[in-house]
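Participant: no sequence for this one, just the structure:
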């Protein structure tokens, strides 16, 4: 009887240490198609009751910039990054076949024609589903972005890479996009 109890305790301990039903995504690309893919995967997972955490870093931060917001007190390099990088998800380029800006216009037209959510609607849906978006503080600092420049999103937070690593370690699935 004691042997069976010990086996059962070990099985319970194993279950308690199992990974969570959670998807952690590192989104580092600022390409329209890759940000869209990240959102589509995240929304699909959240719709299936999986907790989703998206860690936006480096070039992906452009998607989170609000075109109506700006920050004061930036140095020259930070101002230059702000000018050179797209300001917001609707200004992103395609990774392939950008065709001087015609590629994004064409893909957005096809999305509308085929009843695919726009990127704006994807972010809205993601917020409604409770998807967390974490902004990489280090990338934000390197590129000279400030918190007040980012979109209003109900589950937006700011953290370092260690937070993503900890979340990913607990997650049943991890993606790098």
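Facilitator: Received, thanks. Since this is a predicted model, take the numbers as computed values, not measurements.
Participant: what about the least confident helix or strand in the chain by mean pLDDT, distance to the chain center?
Facilitator: Using mean pLDDT, DSSP states H and E, helix 2-16 stands out as the lowest-scoring helix or strand of the chain, at a mean of 78. Distance of helix 2-16 from the chain centroid (CA atoms, centre = their mean, to the nearest Å) equals 38 Å.
Participant: output the contacting helices and strands for it.
Facilitator: If you count contacts as 3 or more CB pairs under 8 Å, 6 or more residues apart in numbering; DSSP states H and E, helix 2-16 packs onto no helix or strand. In short, each C-beta sits where N, CA and C put it, glycine included.
Participant: would you say residue 134 is within a strand?
Facilitator: Yes - counting by DSSP: H, G, I helix; E, B strand; the rest coil, residue 134 is located in a strand.
Participant: residues touching it, list them.
Facilitator: For residue 134, the contacting residues are 53-56, 156-159, 163-164, by CB atoms under 8 Å, 6 or more residues apart in numbering.
Participant: possible to save those as TSV with secondary structure?
Facilitator: What follows is the contacts of residue 134, written out as TSV (three-state DSSP):
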residue	secondary structure
53	strand
54	strand
55	strand
56	strand
156	strand
157	strand
158	strand
159	strand
163	helix
164	helix
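Participant: and which of those residues is nearest to residue 72?
Facilitator: Of all these, residue 72 sits closest to residue 158, with 18.8 Å by CB to CB.
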